[in-house]
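Asks: heads up, no residue letters with this:
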């Protein structure tokens, strides 16, 4: 069975968002859709997965709810479900920067189509910034992109304060996984006095979908927030797995410390002998049951 995955978001004023939580959950449940949806006063952010017909019905029904608007969903496909559970959560922000004054509905940067992105980031006078977290940057990023070395998105304003200057960085191009972080990041930069601010429309996901590998300036794989862990060009599933101990992505092909169901190089030193013994026993039981 093939599964369709949809990623989408929308910034809009939604005072009654809390009342919509149960309705969204029921819509997804009835259409056999799993995934995660965040609802907030500032809008909606979701990645959902299910049978193609059920998922598209879900999107139609959600868009028909009072006051709900979101951008054109980005679709990808998988032979396996991308989520095991359905979650609808109420959040203070649909993507957390921590600065309530930032409002993407009032202003944000100039959108750049995936087909035009290479020319922009290849220009010498453009500062290219990856707004994602450090572990995502390490898995893959664009050529010549700057890693702001943030652990969470809340760190981005501090990075801007210490590392960027409107007089020095006259043109700034930002990108993220699906585009939502850049909505706030570009809005924030404009508030700080930057004038020429750009962001990749549809994010890395749209770029990898539309730009052929032969023409791409993307290096590595792209981390995604579902059970696929990473994707590559054409939105094919990547090589990474999620460590069951620390939850971080790890490449079994290059991480010499990676052990299924036990640890990876990021957490190997924190695994106690007793925990290792229990995990090895559990893995053994799973293998025995599989053989039976």
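Replies: In hand now; what should we look at? Because the structure is a prediction, the values reported are computed rather than measured.
Asks: Using the record's assignment, carve this structure into domains.
Replies: 3-90, 110-219 (automatic domain parsing).
Asks: Could you report the neighbour count for residue 144?
Replies: Neighbour count of residue 144, defined by other C-beta atoms under 10 Å: 12. Using the backbone N, CA and C atoms, a C-beta is placed for each residue, glycine as well.
Asks: isn't it right up against residue 129?
Replies: No: at 10.6 Å, residue 144 does not count as touching residue 129 under the criterion of C-beta atoms under 8 Å.
Asks: And the strands in the stretch 51-200 of the chain?
Replies: 74-78, 86-90, 110-112, 126-130, 140-142, 171-175, 196-200 (DSSP state E, counting those that start in this stretch).
Asks: could those strands be laid out in JSON lines, adding distance to residue 23, mean neighbour count and mean pLDDT?
Replies: Formatted as JSON lines, the strands of the stretch 51-200 of the chain follow (distance: least, C-beta to C-beta, whole Å; neighbours: other C-beta atoms under 10 Å; pLDDT from 0 to 100):
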{"stretch": "strand 74-78", "distance to residue 23": "23", "mean neighbour count": "18", "mean pLDDT": "94"}
{"stretch": "strand 86-90", "distance to residue 23": "9", "mean neighbour count": "15", "mean pLDDT": "97"}
{"stretch": "strand 110-112", "distance to residue 23": "31", "mean neighbour count": "16", "mean pLDDT": "98"}
{"stretch": "strand 126-130", "distance to residue 23": "36", "mean neighbour count": "21", "mean pLDDT": "98"}
{"stretch": "strand 140-142", "distance to residue 23": "37", "mean neighbour count": "22", "mean pLDDT": "98"}
{"stretch": "strand 171-175", "distance to residue 23": "33", "mean neighbour count": "23", "mean pLDDT": "98"}
{"stretch": "strand 196-200", "distance to residue 23": "31", "mean neighbour count": "23", "mean pLDDT": "98"}
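Asks: Buried by neighbour count: which residues of the longest helix anywhere in the chain qualify?
Replies: Longest helix in the chain by number of residues, with DSSP state H as the criterion: helix 273-291. Burial within helix 273-291, assessed by neighbour count using 16 or more other C-beta atoms under 10 Å, is assigned to residue 279.
Asks: pLDDT score for residue 282?
Replies: As predicted, residue 282 sits at a pLDDT of 79.
Asks: Identify the residues contacting stretch 134-150?
Replies: For stretch 134-150, the external contacting residues (C-beta atoms under 8 Å, 6 or more residues apart in numbering) are 121-122, 127-131, 133, 151, 155-156, 159, 163, 175, 177, 217-223, 230, 240, 248-249.
Asks: Quick one, which of the residues you listed are buried?
Replies: 121, 127-131, 133, 155-156, 159, 175, 177, 217-218, 220-223, 230, 240, 249.
Asks: just to revisit the earlier point, would you turn the strands of the stretch 51-200 of the chain into CSV with distance to residue 182?
Replies: Shown next, in CSV, are the strands of the stretch 51-200 of the chain (distance: least, C-beta to C-beta, whole Å):
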stretch, distance to residue 182
strand 74-78, 14
strand 86-90, 22
strand 110-112, 9
strand 126-130, 9
strand 140-142, 13
strand 171-175, 5
strand 196-200, 4
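Asks: can you tell me which of those comes nearest to residue 16?
Replies: For residue 16, the closest of those is strand 86-90, at 11.6 Å, according to C-beta to C-beta.
Asks: Determine the set of other helices and strands touching the closest one.
Replies: helix 17-30, strand 34-40 (3 or more C-beta pairs under 8 Å, 6 or more residues apart in numbering; DSSP states H and E).
Asks: Most tightly packed of these?
Replies: The highest average neighbour count among the helices and strands packed on strand 86-90, using mean count of other C-beta atoms under 10 Å, belongs to strand 34-40 at a mean of 21.
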